[in-house]
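fold the following and give me the result.
(one chain, ligands or ions: 1)
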Amino acid sequence: MTFEAAFEKLKTYGQEHVLKYYDSLSDSEKSSLLEQIDSTDFSVISCLERKGELGKKGTISPLPAMQIEEIEAQKEHFRKTGLEAIKAGKVGAVLLAGGMGTRLGSDDPKGMYNIGITREVFIFQRLIDNLMEVVKEAGTWIPLYVMTSDKNHLATTSFLKEKEYFGYHPDYVFFFQQEMAPATDYQGKIFLEKPYKMSTSPNGNGGWFISMDRAGILDHVHESGVEWLNVFAVDNVLQRIADPVFVGATIEKNVEVGSKVVKKNAPDEKVGVMCLEDGRPSIVEYYELTDELMNAKDENGDPAYYFGVILNYLFKVSALEEIMAKQLPLHVVEKKIPYLDEQGEEQKPDTPNGYKFEQLVLDMIHELNSCLPFEVVRNREFAPIKNKTGVDSVESARRLCEENGIVL
Ligand code: UTP
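Numbers count the residues shown, from 1 in each chain. Alright, predicted model coming up:
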């Protein structure tokens, strides 16, 4: 892209300041900045104009979950169906590891965090150990697709290689990178991270399927006959991956997606809850839950919006392909964004200073026709690590690991 074309593109979005240092850059820096301007989608920023309207929900009603008692009664039947699918190579796992993990505050990718006490136990290792249990039970390797971002790809791939994938077969581990989006100040002006680089951040976990396709990984999914993808977050160190009972129940119920859920521990717990929105499956985020919904009861007198999602979904690949062309809503998130100040000095703020733009995997659910919320025992399968201490932290996850007999 030429300087003139870059200038025109930026002007359309009111972002000409991005070329502020252009004249002082070296030739390679100039071309790297022009290339970045060329490949960046600035249109995401225009959603700031509609910020107040973003995330408006339709009419919410309850979506009953398959609860533990019902699952227990049919467990062996579901397990058999699930194991058959896994043995036939129909199930793949997708690890969403492109996030920045800013709340944890480590410079390394979150999966490299060591939660061990008497020995090293890395988050990636915990996840792979869990997946290995199913690999052993099924007697077959499950393809593990790992999504990274520009910010952590090299560190993630080198770490896993150095650790020999914690015993996973390297032929079954595939990496792909997600897209990035520009990050702005509160006025919607893109920050510069370097004189020759705009600040960008991963564009949320909702673009995983598109990114998988762009990277050519979807071809592998087709060639190897994978029909179901179990998408999961990097931070839940207790979660079961490619859990045969969950796989079996989702197949048996003939739905387009299964979603693992837990009973909320308080009506105002900060997890999204499964529901129907205008008659279609959906998730209401905790900050969208009105008092009325929070206190609503079902016919048994239980809370009507009782089941929180834990970011562990089993998607039917053919259903995802049908919704691929649909645009997911954009979420504007306040975050701490490193930037160059007026003097050209690099700053690393301690508090949020601007916006990132993200699409979220939970919005994919609403595009699909049917969903099975599948309850799991909270203390056995839900130990997310978002923070260093307090709620959903390294500390709370360690306690839960110990409770489940995992030596740390
Ligand atoms: P979180 O919502 O916890 O975000 O991600 P985060 O960026 O990791 O952490 P904070 O908010 O900065 O502290 C939930 C899951 O989605 C993945 C994360 O890696 C995690 O597994 N994710 C998030 C992506 O893969 N890409 C993204 O752009 C965002």
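
unless I'm mixing things up, residue 166 is touching residue 125, no?
Yes: using C-beta atoms under 8 Å, residue 166 is in contact with residue 125, at 4.6 Å. All C-beta atoms are positioned from the backbone trio N, CA, C, and that covers glycine.

the more surrounded of those two?
Taking neighbours as other C-beta atoms under 10 Å, residue 166 and residue 125 compare with residue 125 leading, 21 against 15.

find the helix or strand that the more buried one is a member of.
helix 123-138 (DSSP states H and E).

close to the ligand: what parts of the stretch 251-400 of the chain are there?
By C-beta under 6 Å from any ligand atom, the residues of the stretch 251-400 of the chain that approach the ligand are 311, 386.

burial of the residue of the chain found nearest the ligand, as a residue count?
Here the chain gets closest to the ligand at one residue, residue 99, 2.3 Å apart by C-beta to the nearest ligand atom. Using other C-beta under 10 Å, residue 99 has 24 other residues around it.

so what's it up against?
110, 149, 202, 205, 234 (C-beta atoms under 8 Å, 6 or more residues apart in numbering).

again, only using 10 Å
109-110, 147-149, 151-152, 178, 201-202, 204-205, 233-235, 358 (C-beta atoms under 10 Å, 6 or more residues apart in numbering).

how about residue 108?
101, 114, 122, 152, 155, 156, 159.

circling back: how much space separates the residue of the chain closest to the ligand from residue 318?
Taking C-beta to C-beta, to the nearest Å as the measure, residue 99 falls 27 Å from residue 318.

centroid residue for this protein?
The centre of the chain sits closest to residue 205, judged by C-alpha atoms, centre = their mean, with a distance of 3.8 Å.

is that one in contact with residue 179, as I believe?
No: the criterion here is C-beta atoms under 10 Å, and residue 205 misses it with residue 179 at 11.4 Å.

what do those two both touch?
In contact with both residue 205 and residue 179: 98, 211, 359, using C-beta under 10 Å, 6+ apart.

closest one to residue 377 out of the residues you listed, please.
residue 98 (28.7 Å; C-beta to C-beta).

now the strands for the stretch 151-300 of the chain?
Ranges of strands in the stretch 151-300 of the chain, per DSSP state E, counting those that start in this stretch, are 173-177, 180-182, 184-185, 192-194, 197-198, 200-202, 228-233, 257-263, 273-277, 280-284.

which strands or helices does the fifth one pack on?
Contacts defined by 3 or more C-beta pairs under 10 Å, 6 or more residues apart in numbering; DSSP states H and E place strand 197-198 against helix 27-39.

now do the helix it packs on: everything it contacts.
Under C-beta under 10 Å, 6+ apart, the answer for helix 27-39 is 1-3, 5-7, 9-10, 15, 18-19, 21-26, 179-180, 182, 190, 192, 194-198, 200.

so residue 347 makes contact with residue 341?
Yes: using C-beta under 10 Å, residue 347 is in contact with residue 341, at 5.2 Å.

got any residues that touch both of the two?
residue 191.

could you pull up the mean pLDDT of the top helix by length along the chain?
If you go by DSSP state H, the chain has its longest helix at helix 68-87. Averaged across helix 68-87, pLDDT comes to 98.

touching it from outside, list them.
65-66, 90-92, 134-135, 137-142, 227-228, 242-253, 263, 314, 374-377.

which residues are in contact with residue 400?
236, 237, 238, 378, 379, 380, 381, 382, 383, 384, 406.

can you say which of those residues are buried?
236, 237, 238, 378, 381, 382, 383, 384, 406 (16 or more other C-beta atoms under 10 Å).

so what's the third one up against?
When contacts are counted by C-beta under 10 Å, 6+ apart, residue 238 touches 126-127, 130, 310, 376, 378-384, 397, 400-401, 403-404, 406.

out of these, list just those in strands.
residue 310 (DSSP state E).

helices - which of the contacts of helix 27-39 land there?
3, 5, 6, 7, 9, 10.

ok, the contacts of residue 108 vs residue 370, which is closest?
residue 101 (32.6 Å).

skip the chain neighbours and tell me the closest residue to the closest one.
Distances taken as C-beta to C-beta, 6 or more residues apart in numbering place residue 110 nearest to residue 101, at 3.8 Å, with adjacent residues excluded.

what's the local residue count around residue 307?
Using other C-beta under 10 Å as the criterion, the residues surrounding residue 307 number 26.

ok, now which ones touch it?
Residue 307 neighbours (C-beta under 10 Å, 6+ apart): 62-67, 259-264, 271-275, 373-375.

these, buried ones only, as a ChimeraX selection?
Buried members of these, defined by 16+ other C-beta under 10 Å, are picked up in ChimeraX with:
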select :62,63,65,66,67,259,260,261,262,263,264,271,272,273,274,275,373,374,375
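
on that earlier part again, check which helices and strands the helix holding residue 125 sits against.
helix 68-87, strand 91-96, strand 144-148, helix 153-162, strand 228-233, helix 244-252, helix 394-403.

is the ligand within reach of it?
No: shown here: helix 123-138 not in contact with the ligand (C-beta under 6 Å from any ligand atom), separated by at least 9.8 Å.

average model confidence for that helix?
For helix 123-138, the per-residue pLDDT averages 98.

relative to strand 173-177, how tilted is that helix?
140 degrees (axes from the mean of the first three to the mean of the last three C-alpha atoms, to 10 degrees).
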